[in-house]
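Asker: A structural model of the following input is requested.
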Amino acid sequence: MVSEGDFSRSFQNAVRYALDSKFKEIQNLKPWSSRRSATKTEFMLIGSRQRLSTLSDTLELSIDNVPIEQVSSVKSLGIYVDENLTWNFHVDKLCKKIASAIEAIKRVKPVCTPINLTQYIQLTSSTPF
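Answerer: All right, here's what the predicted structure looks like:
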């Protein structure tokens with residue numbers, strides 16, 4: 001029977017092995033990173049809350065002695081992805097954005113006629129060619 005401590009150590013060892021084995025690939029990023037600011041580069045570990053909580057050490061990655069920041073969520077193509085691959089962070093951000101838009105519409109509603117408001121919405125949502 002495998003104890004929880006053994007499982008945690010084996011998981012940490014697996015993560016370290018994966019990072020060590022990918023170090024060569026990380027080094028291959030040097031030409032790419034020289035064209036891109038390394039300070040904008042981030043990394044994220046993806047896994048379940050239970051698995052990620054077993055990692056006791058913080059991971060430190062760097063390219064050419066420039067540290068790469070570890071993040072718990074990232075926005076890519078308009079979608080927020082978090083380390084547990086849940087939609088919670090994305091939905092929270094989207095709700096805040098929608099609430100802000102609703103509040104803006106409430107502020108201009110008293111001074112707009114329905115026709116003006118419809119025209120405004122059409123103008124702001126149209127895509128320029």
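Asker: From Ile105, how far off is Ile79?
Answerer: 25 Å (CB to CB, to the nearest Å). Where C-beta positions appear, they are placed from N, C-alpha and C, glycine not excepted.
Asker: neighbours of Leu55, just the number please.
Answerer: 15 (other CB atoms under 10 Å).
Asker: For it, give me the pLDDT.
Answerer: On pLDDT, Leu55 comes in at 76.
Asker: Using the three-state scheme, assign the spatially most central residue of the chain.
Answerer: Taking CA atoms, centre = their mean, the centroid of the chain lies closest to Val74, which sits 1.2 Å from it. At Val74 the chain is in strand, as set by DSSP: H, G, I helix; E, B strand; the rest coil.
Asker: Okay, and the beta partners of it?
Answerer: Val81 (DSSP bridges).
Asker: pLDDT score assigned to it?
Answerer: 88.
Asker: Same question for Asn84.
Answerer: 88.
Asker: Could you pull up phi and psi at it?
Answerer: phi -100, psi 0 (degrees, to the nearest 10).
Asker: For the closest residue to it other than its chain neighbours, give its distance to Asn88.
Answerer: Nearest residue to Asn84, sequence neighbours excluded (CB to CB, 6 or more residues apart in numbering): Arg49, at 5.7 Å. Using CB to CB, Arg49 is found at 11 Å from Asn88.
Asker: again with Gly78
Answerer: 17 Å.
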